[in-house]
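A.B. asks: Have a look at this prediction, sequence included:
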Amino acid sequence: MPNHDQVSEAAEKFRLDCQRREKSGELSRSIGDAGEFPLYLEVQTHTACNARCTCCPHPIVFKELPNGFMSDDLWEAIIHEASRLPLKRFMPYLNNEPFLDPKMIERLRQIRKRCPDTLIEVSTNASKLTAEISEVLVNEYLVDDLRLSIFGVDQASYSERMPGLDWMSTLTNVKGLLAKNKNAARPLNITIIGIEDENVSDAQWQISDSQWRQLGSSLRLWGYLDRAGNNQQKNEMIFEGSYTQRGCELNRPFERLCILYNGDVIMCSQDWRREDIQANVRESGLIGAWNSPKFRTLRERIMGRGDEVNLCTKCKMALLDVDGSIVPRGCYK
Ligand code: SF4
Ligand code: SF4
């Protein structure tokens, strides 16, 4: 169990981090405030992914749960209601590889047209970013924030982390995309996403970052997250002292509506096994789902008013009140 000095230090670090995120717009609402509508939409138009990443529950969960594609009428209902909301971001992906959806380009065009004031974010493993797809993405400026998951710095580390994909094919796709983007009248904002890996040194990541910069992008390195215990390799930080949960470091259930392919709403993207369905947008619409009694009660519980939420007890993003200091569970490693 951490001592008092560790808690104070972690609480101060968290406070400063919140200030920074509020200034940069990363934290859009104050912790615990859900407003009357979501600010972000995450929509899973299908359930597939081809990368088989070792840092992700997808390869296992995909075999355990029902899978499918979103129906056209449900997609239309979502985009119709979304177009009437002051959304900050529309993310047409959720725990999947978006470009395995043959309709993805068309969907991006629809979002752009019908939600013109909303930023579009897409995270992809780049395996399907052919020259043709890249051309359309760049020429039509279909994405404001394009994130490319490349969890390695060379053939060996990439194949280890993303065994479903081929390093050379991915490089070809990404280099082609970045070359087009460099010459575009309005270039896309493209970031390479890496995940910390004990087999890759800081120096290797730095070299990788400078190589990506030469090509017109940059590397953002994220810490390993076991997706609230849903991944086989667990984070080592579980805090077991006396505490009350007081929110979510990322404020996810207070800002984001996460919609699965069948319309079910999960509390956040960490709920890979769909253990806590809050509502269904086919039955309630977006606003109805956001304000469903179950989702409202869940938020109360996340703020410490009621039983702890099972998923949060396994998540390093849970904010804990330890003797009056608010600290993320993941502060303890
Ligand atoms: S991290 Fe992304 S690319 Fe990798 S398996 Fe999971 S969903 Fe697919
Ligand atoms: S599971 Fe984690 S990310 Fe999801 S609401 Fe709980 S603390 Fe936040």
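C.D. replies: It's in. Please read these numbers as outputs of a predicted model, since none were measured by experiment. Ligands and ions are numbered 1, 2, ... in the order given.
A.B. asks: mind listing the helices for this protein?
C.D. replies: Ranges of helices within the chain are 4-24, 58-64, 72-82, 104-114, 131-139, 155-161, 167-182, 202-215, 252-255, 281-290, 293-302, 310-313, based on DSSP state H.
A.B. asks: For this protein, which residue occupies the most central location?
C.D. replies: Centroid check for the chain by CA atoms, centre = their mean gives Ser269 as the closest residue, at 6.6 Å.
A.B. asks: so what's that one up against?
C.D. replies: 42, 94-95, 252, 256, 258 (CB atoms under 8 Å, 6 or more residues apart in numbering). C-betas here are computed from N, CA, C, even on glycine.
A.B. asks: Enumerate every residue touching Gln278.
C.D. replies: With CB under 8 Å, 6+ apart, Gln278 has these contacts: 265-267, 289, 292, 294-295, 298.
A.B. asks: and the residue lying closest to it once chain neighbours are set aside, how many residues sit next to it?
C.D. replies: Leaving aside its sequence neighbours, Gln278 sits nearest to Phe295 (CB to CB, 6 or more residues apart in numbering; 4.0 Å). If you count neighbours by other CB atoms under 10 Å, Phe295 ends up with 21.
A.B. asks: if I look at Phe295, how far off is Phe14?
C.D. replies: 25 Å (CB to CB, to the nearest Å).
A.B. asks: I'd guessed Asp226 sits against Trp272; true?
C.D. replies: No. Counting by CB atoms under 8 Å, Asp226 does not reach Trp272; the two are 10.5 Å apart.
A.B. asks: Common neighbours of those two, please.
C.D. replies: With CB under 8 Å, 6+ apart, Asp226 and Trp272 have no common neighbours.
A.B. asks: Of all residues in the stretch 151-300 of the chain, which one is closest to ligand 1?
C.D. replies: Using CB to the nearest ligand atom, Met162 is the residue of the stretch 151-300 of the chain that sits closest to ligand 1, at 6.3 Å.
A.B. asks: OK, contacts around that residue?
C.D. replies: Contacts of Met162 by CB under 8 Å, 6+ apart are 51-54, 125, 149-152.
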